[in-house]
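1. Any chance you could fold what I've pasted below:
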Amino acid sequence: MFSRARNSIAAAIAIVSVIAVAPTRAQQPSREQVLATMKRATTFMIDKVAYKGGYVWSYLPDMTRRWGEMEATPTMIWIQPPGTPSMGHLFLDAYHATGDDYYYRAAEQVASALMFAQHPSGGWNYIADFAGEASLRKWYDTIGRNAWRLEEFQHYYGNATFDDAGTAESAKFFLRLYVEKKDPKYKVPLDKAIKFVLDSQYPIGVWPQRFPKVQAAGLHGLPDYTSYATFNDDVAAENMDFLLMCYQAFGEERLIDPIIRGMNAFIVTQLGPPQPAWGLQHTLDLQPSGARTYEPKALVTHTTAGNIGLLIRFYRLTGETKYLARIPEVLDWLEKLKLPPGVAPPGRTHPTFVELGTNEPLYVHREGSNVFNGRYYVDKNPKGTIVHYSSFRNIDVAGLRKQYENARNTPPAEVIKTSPLKLGAGKVPLAKYYTPGANGDAAKVVAELNAQGYWLAPLGYTSHPYKADGSKAPQPGDYSQTYVGDETDTSPYPDPKLMGISIDAYVRNMGILIKALDSPK
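-> So this is what the prediction gives:
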């Protein structure tokens, strides 16, 4: 493993003396206590948790098992948030809050891992393996192949993905890192990432889920959906956000056209009456399409609601009312889809999937016990639906309507006053912090850092270790409404009692401490 920066003995003694008297909940920790806690927690993450600068999501305290979205091997790193790029962003935030070059060097270690993981095309996959291609393929052929509900890991595509913001988070990290000190070695991966986003955009402005396109990549007898125009998980929004950040930083006029085409694509792909909505992804002839076997060809309510919010944002970026023009009919459509009492579980208001042509809800079920004998199917029965991907959503139509009215009642000349697109390069600097500042009790965070230097936190999920491929005959038991199938299913499932080292908890607690440093005393 690479060499890591370490505190001197004198500094370590100073840290111990600072934390010896833990503050009570009623007290606010001193700046010295906050700084010492941040340093001690980060030193643990770098020295004990990182692998060659990279991270997964969670670890058992004895490091015998670790997980990203799925179980990982010791030589693997995870790119999806809250993985390796999330740690890089946090380190840069800590550097901005403290001025301590230790955190900048920590960010550089993350950069080294992400440069290793960057695909030749310029994007990133969900994961990378320092043990090499053969080791990664073995993981896909064993752990990945047996994840019943995580179909995106059942096939090794060998390309890069926009899914789950892994590429966007990495690209934004390299942008922030390069802007920090203009170190030319970070301009190389940044330029590759910009090229990847530009090369993969279709002429009408949409982006695929994965790129470059590969052949024969369909799963379970279905067409390959990864080249389709993708809205799921904010693929288009994340790409435009990255390009906009680059424009803010560098003022490159060439980035304006892909940003505008990206925004216009939301208008082009919206269906006409009487179903003025969107799917998770659309085929290249702009028709809604299915994806994984529990994502049928349908219109999708939460994607449609999210796209309304984005259209309002596009208006605020451009002042062009065309982005608001069809929102009222979308809101009326969503209003009509609200489910009657007793159909949706508490806290949910709408079906996830809506049948094309009929406006009737579609519900997803499964049968069998693992990926080799099980199957997902869709019908119109709201009872007994799968639990790992809800057939119901909470859509705040009234809230969306209020957002729309606020935007409509704000003149274009007013909304563009703070738009980076209209103000030009350098007028709207990149934000000082990337990780949202968490609300929390800084004194409690300081007090709860354990003797080893980490916050013991619920991991939330565990999984069956891979032992062998699943059987083709269903095993005893009802797995229709469980997160995981039989003991050969490697998909994670909830375990509220499992405690360990959590990247999410580290980032959240560091955010609380950074916020405490910035708060007026």
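2. What segments of the stretch 301-450 of the chain are helices?
-> With DSSP state H, counting those that start in this stretch as the criterion, the stretch 301-450 of the chain has helices at 301-318, 327-336, 397-408, 412-415, 420-423, 442-448.
3. do you know which of those helices lies nearest residue 31?
-> Judged by CB to CB, the one of the helices of the stretch 301-450 of the chain that comes nearest to residue 31 is helix 442-448, at 10.6 Å. For glycine as for every other residue, the C-beta is placed from the backbone atoms N, C-alpha and C.
4. helices and strands around that closest one, which ones?
-> Helix 442-448 is packed against helix 31-44, helix 503-518, with contacts defined by 3 or more CB pairs under 8 Å, 6 or more residues apart in numbering; DSSP states H and E.
5. any chance of these in a markdown table, plus distance to residue 115 and mean neighbour count?
-> Below are those laid out as a markdown table (distance: least, CB to CB, whole Å; neighbours: other CB atoms under 10 Å):
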| stretch | distance to residue 115 | mean neighbour count |
| --- | --- | --- |
| helix 31-44 | 21 | 20 |
| helix 503-518 | 20 | 21 |
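6. Same list (the ones you listed) but as CSV, adding distance to residue 306 and mean pLDDT.
-> Formatted as CSV, the helices and strands packed on helix 442-448 follow (distance: least, CB to CB, whole Å; pLDDT from 0 to 100):
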stretch, distance to residue 306, mean pLDDT
helix 31-44, 34, 98
helix 503-518, 22, 96
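7. out of the ones you listed, nearest to residue 290?
-> For residue 290, the closest of these is helix 503-518, at 30.6 Å, according to CB to CB.
8. quick one: that closest one to helix 31-44, angle?
-> 160 degrees (axes from the mean of the first three to the mean of the last three CA atoms, to 10 degrees).
9. and helix 503-518, what other elements does it pack with?
-> Short answer (3+ CB pairs under 8 Å, 6+ apart): helix 503-518 packs on helix 31-44, helix 84-98, helix 442-448.
10. Helix or strand next in line after the first one, which one?
-> This means helix 31-44. strand 58-59 (DSSP states H and E).
11. any idea how far the next helix or strand after that next one is from the chain center?
-> Downstream of strand 58-59, the first helix or strand assigned by DSSP H and E is strand 66-67. Relative to the chain's own centre, strand 66-67 is displaced by 17 Å; criterion: CA atoms, centre = their mean, to the nearest Å.
12. now swap in stretch 237-251 and tell me
-> That offset, for stretch 237-251, works out to 17 Å (CA atoms, centre = their mean).
13. Name the residues of it that are buried.
-> For stretch 237-251, the neighbour count (16 or more other CB atoms under 10 Å) marks 237-250 as buried.
14. now do stretch 197-207
-> Those would be 197, 200-201, 205-207, for stretch 197-207 by 16+ other CB under 10 Å.
15. ok so, going back, can you lay out the helices and strands packed on helix 503-518 as JSON lines showing distance to residue 485?
-> Converted to JSON lines, the helices and strands packed on helix 503-518 look like this (distance: least, CB to CB, whole Å):
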{"stretch": "helix 31-44", "distance to residue 485": "36"}
{"stretch": "helix 84-98", "distance to residue 485": "29"}
{"stretch": "helix 442-448", "distance to residue 485": "36"}
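16. closest one to residue 345 among those helices?
-> helix 84-98 (30.6 Å).
17. For the next helix or strand after the closest one, which helices and strands make contact with it?
-> Once helix 84-98 ends, the next helix or strand along the chain (criterion: DSSP H and E) is helix 101-117. Judged by 3+ CB pairs under 8 Å, 6+ apart, helix 101-117 is in contact with helix 31-44, helix 84-98, strand 127-129, helix 166-181, helix 187-200.
18. 7 Å - rerun?
-> Counting contacts by 3 or more CB pairs under 7 Å, 6 or more residues apart in numbering; DSSP states H and E, helix 101-117 is packed against helix 31-44, helix 84-98, helix 166-181.
19. can you list contacts of that helix?
-> 2, 5, 39, 42, 46, 50, 52-54, 77, 79, 84-85, 87-88, 91-92, 94-95, 124, 128, 130, 170, 173-174, 177, 186, 189 (CB atoms under 7 Å, 6 or more residues apart in numbering).
20. possible to save the helices and strands packed on helix 442-448 as CSV with distance to residue 347?
-> Output for the helices and strands packed on helix 442-448, formatted as CSV (distance: least, CB to CB, whole Å):
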stretch, distance to residue 347
helix 31-44, 34
helix 503-518, 23
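21. who wins for proximity to residue 429 among those helices?
-> Using CB to CB as the measure, helix 503-518 is the one of those that comes nearest residue 429, at 16.6 Å.
22. ok, and what's touching stretch 409-427?
-> For stretch 409-427, using CB under 7 Å, 6+ apart, the contacting residues are 244, 247-248, 250-251, 256, 315-319, 321, 428.
23. what do you get for stretch 93-100?
-> Contact with stretch 93-100 is made by 35, 38, 103-104, 107, 432-435, 510, 514, 517-518, as judged by CB under 7 Å, 6+ apart.
24. Check these and tell me the two furthest apart.
-> 35 and 434 (20.1 Å).
25. quick one, what contacts residue 361?
-> Taking CB under 7 Å, 6+ apart as the test, what residue 361 contacts is 351, 353-354, 380.
26. Show the buried residues in these.
-> Listed as buried from the contacts of residue 361 are 351, 353-354; burial here means 16+ other CB under 10 Å.
27. from those residues, which is closest to residue 272?
-> Closest approach to residue 272 among these (CB to CB): residue 354, at 15.1 Å.
28. hmm, back to that, let's have the contacts of residue 361 in JSON lines, adding pLDDT.
-> JSON lines is the format used below for these (pLDDT from 0 to 100):
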{"residue": "351", "pLDDT": "98"}
{"residue": "353", "pLDDT": "98"}
{"residue": "354", "pLDDT": "98"}
{"residue": "380", "pLDDT": "98"}
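29. And these, which is closest to residue 223?
-> Checking the contacts of residue 361 one by one against residue 223 (CB to CB), the nearest turns out to be residue 353, at 18.1 Å.
30. gap between the closest one and residue 326?
-> To residue 326, residue 353 is 21 Å away according to CB to CB, to the nearest Å.
31. who's in contact with the nearest residue to residue 38 once chain neighbours are set aside?
-> Spatial nearest neighbour of residue 38, excluding adjacent residues (CB to CB, 6 or more residues apart in numbering): residue 513 at 5.3 Å. By CB under 7 Å, 6+ apart, the residues touching residue 513 are 34, 37-38, 442, 445.
32. Including distance to residue 214, could the residues you listed go into a markdown table?
-> Listed next are these as a markdown table, based on distance: CB to CB, whole Å:
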| residue | distance to residue 214 |
| --- | --- |
| 34 | 48 |
| 37 | 46 |
| 38 | 43 |
| 442 | 48 |
| 445 | 45 |
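33. that older thread, redo the buried residues of stretch 197-207 as CSV? Include pLDDT and distance to residue 490.
-> Shown next, in CSV, are these (pLDDT from 0 to 100; distance: CB to CB, whole Å):
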residue, pLDDT, distance to residue 490
197, 98, 32
200, 98, 30
201, 98, 34
205, 98, 37
206, 98, 33
207, 98, 29
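34. For residue 145, state which of the contacts of residue 361 is nearest.
-> Distance to residue 145 across these (CB to CB) is lowest for residue 353, with 26.7 Å.
35. Bridged to the closest one, which residues?
-> Beta bridges link residue 353 to residue 300, residue 362, judged by DSSP bridges.
36. how about TSV for the buried ones among the contacts of residue 361, with distance to residue 269 added?
-> TSV is the format used below for the buried ones among the contacts of residue 361 (distance: CB to CB, whole Å):
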residue	distance to residue 269
351	21
353	17
354	16
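37. any chance of the helices and strands packed on helix 101-117 in JSON lines, plus distance to residue 424?
-> As requested, the helices and strands packed on helix 101-117 are exported to JSON lines (distance: least, CB to CB, whole Å):
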{"stretch": "helix 31-44", "distance to residue 424": "36"}
{"stretch": "helix 84-98", "distance to residue 424": "24"}
{"stretch": "helix 166-181", "distance to residue 424": "17"}
